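Engineer: one predicted model, sequence on top.
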Amino acid sequence: QVQLVESGGGLVQAGGSLRLSCEIRLSMHSLNSMGWYRQAPGKQRELVAAMSSGGATTYKDSVKGRFTIARDNTKNMLYLKMNSVNPEDAAVYYCHVDRLLVGWTYDYWGQGTQVAVSS
(Lines give C-alpha, C1' and ligand atoms only; values in the text may rest on other atoms or scores of the structure.)
Protein backbone atom coordinates (compact mmCIF):
# COMPACT_ATOMS: atom_id res chain seq x y z
CA GLN A 1 0.00 0.00 0.00
CA VAL A 2 1.50 3.30 -1.10
CA GLN A 3 1.70 5.74 1.78
CA LEU A 4 3.65 8.61 0.21
CA VAL A 5 3.11 9.95 -3.29
CA GLU A 6 5.45 12.59 -4.69
CA SER A 7 4.78 14.90 -7.59
CA GLY A 8 6.12 18.09 -9.08
CA GLY A 9 9.40 16.94 -10.50
CA GLY A 10 10.47 17.74 -14.02
CA LEU A 11 12.91 19.74 -16.07
CA VAL A 12 13.82 23.19 -14.81
CA GLN A 13 16.25 25.72 -16.15
CA ALA A 14 19.22 26.64 -13.98
CA GLY A 15 18.22 29.56 -11.80
CA GLY A 16 14.57 28.58 -11.96
CA SER A 17 12.15 27.27 -9.36
CA LEU A 18 10.21 24.11 -8.73
CA ARG A 19 7.90 22.89 -6.01
CA LEU A 20 7.77 19.26 -5.05
CA SER A 21 4.73 17.87 -3.29
CA CYS A 22 4.24 14.75 -1.23
CA GLU A 23 0.81 13.41 -0.40
CA ILE A 24 0.99 11.61 2.93
CA ARG A 25 -1.59 8.86 3.32
CA LEU A 26 -1.00 8.55 7.04
CA SER A 27 -2.21 10.44 10.04
CA MET A 28 -0.07 13.58 10.24
CA HIS A 29 -0.42 13.55 13.98
CA SER A 30 1.30 10.18 14.20
CA LEU A 31 4.44 11.36 12.43
CA ASN A 32 7.70 11.97 14.23
CA SER A 33 9.56 13.72 11.44
CA MET A 34 9.31 14.26 7.71
CA GLY A 35 11.74 15.28 5.06
CA TRP A 36 13.10 15.25 1.56
CA TYR A 37 16.08 13.24 0.38
CA ARG A 38 17.71 13.09 -3.02
CA GLN A 39 19.89 10.68 -4.91
CA ALA A 40 21.93 11.58 -7.95
CA PRO A 41 23.34 8.88 -10.27
CA GLY A 42 26.33 7.16 -8.69
CA LYS A 43 25.85 8.93 -5.39
CA GLN A 44 24.37 8.01 -2.05
CA ARG A 45 20.98 9.22 -0.99
CA GLU A 46 21.32 12.38 1.07
CA LEU A 47 19.11 14.46 3.28
CA VAL A 48 18.05 17.73 1.71
CA ALA A 49 15.60 19.13 4.24
CA ALA A 50 13.73 17.84 7.25
CA MET A 51 11.06 19.01 9.65
CA SER A 52 10.36 17.70 13.12
CA SER A 53 6.89 17.18 14.52
CA GLY A 54 7.36 20.46 16.35
CA GLY A 55 8.14 22.33 13.15
CA ALA A 56 11.91 22.69 13.55
CA THR A 57 13.68 22.53 10.22
CA THR A 58 17.12 21.51 9.05
CA TYR A 59 18.72 21.84 5.64
CA LYS A 60 21.69 20.53 3.75
CA ASP A 61 24.23 23.34 3.67
CA SER A 62 24.22 23.66 -0.11
CA VAL A 63 20.46 24.31 -0.24
CA LYS A 64 20.15 26.71 2.70
CA GLY A 65 18.54 29.93 1.62
CA ARG A 66 17.31 28.36 -1.63
CA PHE A 67 15.03 25.51 -0.57
CA THR A 68 12.15 25.62 1.87
CA ILE A 69 10.37 22.67 3.43
CA ALA A 70 6.78 23.15 4.47
CA ARG A 71 3.81 21.06 5.47
CA ASP A 72 0.06 21.45 5.44
CA ASN A 73 -1.53 19.24 8.06
CA THR A 74 -5.03 20.05 6.80
CA LYS A 75 -4.18 18.59 3.39
CA ASN A 76 -1.75 15.89 4.54
CA MET A 77 0.91 17.38 2.32
CA LEU A 78 4.63 18.00 2.52
CA TYR A 79 6.32 20.41 0.14
CA LEU A 80 9.79 21.36 -0.97
CA LYS A 81 10.07 24.73 -2.66
CA MET A 82 13.27 24.90 -4.68
CA ASN A 83 14.54 28.28 -5.81
CA SER A 84 17.70 29.22 -7.71
CA VAL A 85 18.09 25.64 -8.81
CA ASN A 86 21.50 24.67 -10.17
CA PRO A 87 22.75 21.57 -12.03
CA GLU A 88 24.03 20.05 -8.78
CA ASP A 89 20.42 19.82 -7.60
CA ALA A 90 19.52 17.34 -10.32
CA ALA A 91 18.51 14.04 -8.72
CA VAL A 92 15.61 11.83 -7.83
CA TYR A 93 13.91 13.39 -4.83
CA TYR A 94 12.24 11.22 -2.21
CA CYS A 95 9.73 12.09 0.44
CA HIS A 96 10.33 10.39 3.78
CA VAL A 97 8.45 10.25 7.05
CA ASP A 98 8.91 8.25 10.19
CA ARG A 99 6.28 7.30 12.65
CA LEU A 100 6.67 6.22 16.26
CA LEU A 101 4.14 3.56 17.11
CA VAL A 102 4.08 1.56 20.31
CA GLY A 103 7.78 2.05 20.87
CA TRP A 104 8.83 1.23 17.32
CA THR A 105 9.87 3.60 14.58
CA TYR A 106 8.51 2.94 11.11
CA ASP A 107 10.04 4.53 8.03
CA TYR A 108 8.07 5.34 4.90
CA TRP A 109 9.45 6.38 1.51
CA GLY A 110 7.85 7.68 -1.61
CA GLN A 111 8.62 6.34 -5.04
CA GLY A 112 10.68 9.39 -5.97
CA THR A 113 10.27 12.21 -8.43
CA GLN A 114 12.94 13.18 -10.93
CA VAL A 115 14.36 16.69 -11.05
CA ALA A 116 16.48 17.55 -14.07
CA VAL A 117 18.25 20.89 -14.49
CA SER A 118 19.22 22.40 -17.80
CA SER A 119 22.11 24.83 -17.86
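Structural biologist: Thanks, I have the structure now.
Engineer: Val85 is in contact with Ser119, correct?
Structural biologist: No - with contacts counted by Cβ atoms under 8 Å, Ser119 stays clear of Val85, the gap being 10.4 Å. For glycine as for every other residue, the C-beta is placed from the backbone atoms N, C-alpha and C.
Engineer: okay, and the common contacts of these two?
Structural biologist: Listed contacts common to Ser119 and Val85 are Ala14; contacts here mean Cβ atoms under 8 Å, 6 or more residues apart in numbering.
Engineer: who's more crowded, those two?
Structural biologist: Val85 (22 against 8; other Cβ atoms under 10 Å).
Engineer: so what's Met51 bridging to?
Structural biologist: Beta-bridge partners of Met51, counted by DSSP bridges, are Met34, Thr57.
Engineer: got a list of what it touches?
Structural biologist: 33-35, 57-58, 69-71, 78.
Engineer: distance from the chain centre to the strand ranked longest in the chain, please.
Structural biologist: The longest strand of the chain (DSSP state E) is strand 91-101. Offset of strand 91-101 from its chain centre (Cα atoms, centre = their mean, to the nearest Å): 7 Å.
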